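Undergrad: sequence plus the predicted model coming up.
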Amino acid sequence: MTLAFETARQLAQKIRAREISSRELTDLYIQRIEKHDPAVNAVVVRDFERAREAAAAADEALARGDEVGPLHGLPMTIKEAYDVEGLPTTWGIPAFKDNIATGAAESVKRYRSAGAHFLGKTNVPLQLGDFQSYNEIYGTTSNPWNLERTPGGSSGGSSAALAAGLAPLESGSDIGGSIRNPAHFCGVYGHKPTHGIVPDQGHALPGMVASPDIAVVGPLARSAEDLALAMELLAGADPFHELGWRLALPAPRHRELADFRVALWPTEARAPVSSEVADRVQQLGDRLAGLGATVSDVARPAFDVETSHATYLTMLNGVMSAGLPDDIFEGMQHGARSLDAGDESDDARMLRAAVQTHRDWVRAGHVRARLRLAWKAFFEDFDIVLCPQMATAAFPHDHSPFLSRTLQIDDTVRPYFEQVFWAGLPTVSYLPSTVFPTGPSKEGLPIGLQAVGAEFDDATCIEFARLIALEIGGFVPPPGYED
């Protein structure tokens, strides 16, 4: 594997050992962006001169013998939704095209404290609200495995940059699979943390200060080891709580695959996945059983799946609609009042949730608390739920109106947003989830799976993904990006 595809941990070690300078590595990634990104369009905001200056300063500090952090001299990119002073933060919304950040997001500060610097920012969909990554400001990002396919969303630029070898480390955000979905589509690693353990300050548009419910920020990388390192740097008290709040995440429950207790959830009637994806869950489960792990095909937490999903849609759309213009919101209120009282379709649920009252939100919170208790009890008997992240591998670009979109799943056409079920299953209950690659589909596109764990068992999810890579392999670069 070429230098550009080595892990962030390996590259930082090479810099500390002076096998390569930070400036040399920074220039390497800049050259790769200039060569490969015109086709991929992942790194849409570039900050090369400041990156070179930071790299030179890192090399000088190392030469002086200064104490350095674990990412000293490492160049990286970050999702466009994060503030980096002097760079635009738009979330793909044309009205914010000229919104230039005056400060840095908390995650940016923590990466910098560890010694990293930033080459630029990566593309997102409009308002971070799609399984694809395109907008009027920056255009369309493509999947390095097949430029006719989406890299996912909303952290699609993040995953595409990692897969194409344009950066060694990234951070995204996730409320509907926006870290996990792109990781699956591009064959990289992504971790959705337990809610609230990674500060999200500065992942925001003007006027947004409070942390939204169920949304998180977290890392993407080309190895589970890099996810673990990033979480060590990012997790902890946010500025509101730092005076009196401390985080002590538990160590991984196990260090050998044979010791894990794994529940398989290969598909679900309310959000069916392709036979190829479902089979991948089962095949990996069989492999784990062969290694001595405890594997169950039937174990489930003690709640109704429809209740879980309905609660997730309530929370998701309550958050997503908060930033809508008044005229659009009023139109949605009128639409919700016009719904048939017995209409329990996802579209109806989402519309009602978008205009719900605070009373509705509080009641949904009580339901969510019962879901959390059910998961807590479940994870006394199991360590990991292994399930899909999405029904298919990366699908072709589709910029048609949202309500007309569909997904082809084997021989069936399904609603486009139905697959948010798999993202919402852990998200509504604040659970951590790591997506990791499992090898190619029949078309040669990556298939990733979710390892879901108990609240605060982030290290268990990541360690499980690390051990799986030792057994079946991990990230593989897409063809055509070797140099």
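TA: Alright, I've got the coordinates. Since we're looking at a predicted model, the values are computed, not measured.
Undergrad: how near is the residue lying closest to Gly202 once chain neighbours are set aside to Val84?
TA: Of all residues not flanking Gly202 in the chain, Ala105 sits nearest, at 2.6 Å (CB to CB, 6 or more residues apart in numbering). Where C-beta positions appear, they are placed from N, C-alpha and C, glycine not excepted. Using CB to CB, to the nearest Å, Ala105 is found at 7 Å from Val84.
Undergrad: Tyr134 too?
TA: According to CB to CB, Tyr134 stands 21 Å off from Val84.
Undergrad: also His184?
TA: Distance, His184 to Val84, by CB to CB: 27 Å.
Undergrad: got phi/psi on Phe436?
TA: phi -140, psi 150 (degrees, to the nearest 10).
Undergrad: in the protein, what residue sits furthest out from the centroid?
TA: Distance from the centre of the chain peaks at Arg64, with 37.6 Å (CA atoms, centre = their mean).
Undergrad: which residues does stretch 38-45 contact?
TA: If you take CB atoms under 8 Å, 6 or more residues apart in numbering as the criterion, stretch 38-45 is touched by 33, 37, 77, 80, 87-88, 119-123, 137-142, 144, 147, 151, 156-158, 160-161, 164, 166-167.
Undergrad: make a ChimeraX selection of the buried ones in those.
TA: Restricted to buried positions by 16 or more other CB atoms under 10 Å, the ChimeraX selection for these reads:
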select :33,37,77,80,87,88,119,120,121,122,123,137,138,140,141,142,144,151,156,157,158,160,161,164,166,167
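Undergrad: all helices for the stretch 1-150 of the chain, in order.
TA: 8-16, 22-40, 48-64, 106-113 (DSSP state H, counting those that start in this stretch).
Undergrad: adding distance to Gly290 and mean pLDDT as columns, could you present those helices in JSON lines?
TA: Formatted as JSON lines, the helices of the stretch 1-150 of the chain follow (distance: least, CB to CB, whole Å; pLDDT from 0 to 100):
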{"stretch": "helix 8-16", "distance to Gly290": "30", "mean pLDDT": "98"}
{"stretch": "helix 22-40", "distance to Gly290": "38", "mean pLDDT": "98"}
{"stretch": "helix 48-64", "distance to Gly290": "46", "mean pLDDT": "98"}
{"stretch": "helix 106-113", "distance to Gly290": "39", "mean pLDDT": "98"}
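Undergrad: got those helices as JSON lines, with distance to Ala293 columns?
TA: Putting the helices of the stretch 1-150 of the chain into JSON lines (distance: least, CB to CB, whole Å) gives the following:
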{"stretch": "helix 8-16", "distance to Ala293": "27"}
{"stretch": "helix 22-40", "distance to Ala293": "38"}
{"stretch": "helix 48-64", "distance to Ala293": "43"}
{"stretch": "helix 106-113", "distance to Ala293": "34"}
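Undergrad: wait, which of the ones you listed is closest to Glu471?
TA: Judged by CB to CB, the one of the helices of the stretch 1-150 of the chain that comes nearest to Glu471 is helix 8-16, at 19.9 Å.
Undergrad: what angle do the closest one and helix 22-40 make?
TA: 140 degrees (axes from the mean of the first three to the mean of the last three CA atoms, to 10 degrees).
Undergrad: quick thing: my sequence starts at 893, can you match it?
TA: Right, with 893 as the first residue, what we last looked at is helix 900-908.
Undergrad: then helix 900-908 to CSV, C-alphas only?
TA: What follows is helix 900-908, C-alpha atoms only, in CSV (Å, rounded to 0.1, in the frame of the first residue of the first chain):
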residue,chain,number,x,y,z
ALA,A,900,-3.1,8.3,10.4
ARG,A,901,-1.4,6.5,13.3
GLN,A,902,1.3,5.1,11.0
LEU,A,903,1.9,8.4,9.3
ALA,A,904,2.2,10.3,12.5
GLN,A,905,4.7,7.8,13.7
LYS,A,906,6.8,8.3,10.6
ILE,A,907,6.8,12.0,11.1
ARG,A,908,7.9,11.6,14.8
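Undergrad: packing partners for that helix?
TA: helix 914-932, helix 940-956, helix 1116-1126 (3 or more CB pairs under 8 Å, 6 or more residues apart in numbering; DSSP states H and E).
Undergrad: out of these, deepest packed?
TA: Mean neighbours per residue, mean count of other CB atoms under 10 Å, is largest over the helices and strands packed on helix 900-908 for helix 1116-1126, with a mean of 23.
Undergrad: that one - contacts with which helices or strands?
TA: helix 900-908, helix 998-1005, strand 1061-1066, strand 1081-1084, strand 1108-1113, strand 1325-1332, helix 1350-1364.
Undergrad: for the third one, packing partners?
TA: So that's strand 1061-1066. Secondary elements touching strand 1061-1066 (3+ CB pairs under 8 Å, 6+ apart): strand 967-971, helix 998-1005, helix 1048-1055, strand 1081-1084, strand 1108-1113, helix 1116-1126.
Undergrad: same question, the last one
TA: For helix 1350-1364, the packing partners by 3+ CB pairs under 8 Å, 6+ apart come out as strand 1081-1084, helix 1116-1126, helix 1167-1183, strand 1276-1280, strand 1325-1332, strand 1338-1344.
Undergrad: show the average pLDDT along that helix.
TA: Averaging pLDDT along helix 1350-1364 gives 98.
Undergrad: tell me what angle it forms with helix 1116-1126.
TA: Orientation of helix 1350-1364 against helix 1116-1126 (the same axes, to 10 degrees) gives an angle of 160 degrees.
Undergrad: and for the fifth one?
TA: For strand 1108-1113 against helix 1116-1126, the angle by the same axes, to 10 degrees is 140 degrees.
Undergrad: packing partners of strand 1108-1113?
TA: When contacts are defined as 3+ CB pairs under 8 Å, 6+ apart, strand 1108-1113 sits against helix 1048-1055, strand 1061-1066, strand 1081-1084, helix 1116-1126.
Undergrad: and those: which comes nearest Val1197?
TA: Val1197 sits nearest to strand 1081-1084 of all the helices and strands packed on strand 1108-1113, at 19.6 Å, using CB to CB.
Undergrad: may I have that closest one as CSV, with CA atoms only?
TA: Extracted C-alpha coordinates of strand 1081-1084, given in CSV (Å, rounded to 0.1, in the frame of the first residue of the first chain):
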residue,chain,number,x,y,z
TYR,A,1081,-14.5,3.1,8.8
GLY,A,1082,-16.9,5.4,10.6
HIS,A,1083,-17.9,5.7,14.2
LYS,A,1084,-21.1,7.2,15.5
